[in-house]
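[1] The sequence and its predicted three-dimensional model are supplied below.
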Amino acid sequence: MKIVAQDRLIFALDVPSAAEADRLLDQLQGHIAFVKVGLELYTAAGPAMVQRIVARGMRVFLDLKFLDIEETVRRATARVASMGVDFLTVHANRKALTAAAQGREGSSLKLLAVTVLTNFDSNDLREMGIQRTVQDLVIARALLASEVGCDGVVASGEEAAAIRQKIGPRFEIVTPGVRPTGKAVDDHARATTPTQTIASGADYLVIGRPIRDAADPPATVAAILAEMQAAFDARQ
């Protein structure tokens, strides 16, 4: 089945208010199909914002990176599942992932384990007392996520190929920190272009600031989708 790029681009709606979110969504209605709601917007606008996005006919990736005691994660995940969200992030901790899997039972919610944030490098890991390389840690956490029944992971484009090789084709890889060629990488230590990311095996690309801050967001989305579609076609 042909992959349609519009289904695989997730716009990171990282804005400080519901009004700003609605303004951007009005501009991009019909151009994007999938939206990421992260900590900033969820803190400002809460579940009501998620419901408004779903009502627009768009899919939602709720990026809250759960990590807490099992009962809290289980119950919070159940609430997310009831909202019609497609993807939810949970940190790659065995107890948290297992609890989230229990909380989403009976729903279509997909769980994504956060492996290593894309602004981290080996120096950051050493400061946390972790002696593994970034790639080794990402692979270990991806294998854990697969073992406990998660649907996929969040990982940079630099690790996608290794994850795909270890776990196989049915495991979702969602990649943030994607930057169109010529755009600044901002605070991402392991950024990749759409072409690089897709060639490495990623399924979904999360792109925020290059779209949000563009003079013409719909035109920027169109250019990104054209690059993505060419890369998906070449991969297939």
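    Arrived safely.

[2] Which pLDDT value goes with the residue nearest the centre of the chain?
    Nearest residue to the geometric centre of the chain (CA atoms, centre = their mean): Val174, 4.8 Å. Looking at Val174, its pLDDT stands at 96.

[3] now swap in Val153 and tell me
    Note on Val153: pLDDT of 97.

[4] what's the neighbour count on it?
    Using other CB atoms under 10 Å, Val153 is surrounded by 30 other residues. Quick note: C-beta positions are derived from backbone N, CA and C, even for glycine.

[5] Report all helices and strands that the longest helix anywhere in the chain contacts.
    The longest helix of the chain (DSSP state H) is helix 217-235. On a contact count with 3 or more CB pairs under 8 Å, 6 or more residues apart in numbering; DSSP states H and E, helix 217-235 meets helix 5-8, strand 9-12, helix 18-28, helix 194-199, helix 209-212.

[6] Turn the ones you listed into TSV, including distance to Arg126 and mean pLDDT.
    Shown next, in TSV, are those (distance: least, CB to CB, whole Å; pLDDT from 0 to 100):
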stretch	distance to Arg126	mean pLDDT
helix 5-8	34	98
strand 9-12	28	98
helix 18-28	38	98
helix 194-199	26	94
helix 209-212	28	95
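
[7] Make CSV out of the ones you listed and add distance to Thr72 and mean neighbour count.
    Formatted as CSV, the helices and strands packed on helix 217-235 follow (distance: least, CB to CB, whole Å; neighbours: other CB atoms under 10 Å):
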stretch, distance to Thr72, mean neighbour count
helix 5-8, 32, 17
strand 9-12, 25, 24
helix 18-28, 26, 16
helix 194-199, 33, 23
helix 209-212, 31, 18
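
[8] So which of these is nearest Ala44?
    Nearest of the helices and strands packed on helix 217-235 to Ala44, taken as CB to CB: helix 18-28 at 6.7 Å.

[9] what pLDDT, on average, does the helix or strand just after the closest one get?
    Downstream of helix 18-28, the first helix or strand assigned by DSSP states H and E is strand 34-37. Strand 34-37 shows a mean pLDDT of 98.

[10] Which strands or helices does strand 34-37 pack on?
    Looks like strand 34-37 contacts strand 9-12, helix 39-55, strand 59-66 (3+ CB pairs under 8 Å, 6+ apart).

[11] and the last one, average pLDDT?
    Averaging pLDDT along strand 59-66 yields 98.

[12] want to try TSV for the helices and strands packed on helix 217-235, with distance to Asn123 as columns?
    Formatted as TSV, the helices and strands packed on helix 217-235 follow (distance: least, CB to CB, whole Å):
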stretch	distance to Asn123
helix 5-8	32
strand 9-12	25
helix 18-28	34
helix 194-199	23
helix 209-212	24
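
[13] Surely Asp14 touches Ile211?
    No - using CB atoms under 8 Å, Asp14 is not in contact with Ile211, being 10.3 Å away.

[14] Pretty sure Gln6 sits against Gly30.
    No - Gln6 lies out of contact with Gly30 (CB under 8 Å); the separation is 9.7 Å.

[15] Can you name every helix or strand that the lowest-mean-pLDDT helix or strand in the chain contacts?
    For the chain, counting by mean pLDDT, DSSP states H and E, helix 122-127 ranks last in confidence among helices and strands (a mean of 79). Applying 3+ CB pairs under 8 Å, 6+ apart, one finds that helix 122-127 contacts helix 134-148.

[16] Mind listing what's buried along the helix it packs on?
    Residues Val134, Gln135, Leu137, Val138, Ile139, Arg141, Ala142, Leu143, Leu144, Ala145, Ser146, Val148 are the ones in helix 134-148 that count as buried (16 or more other CB atoms under 10 Å).
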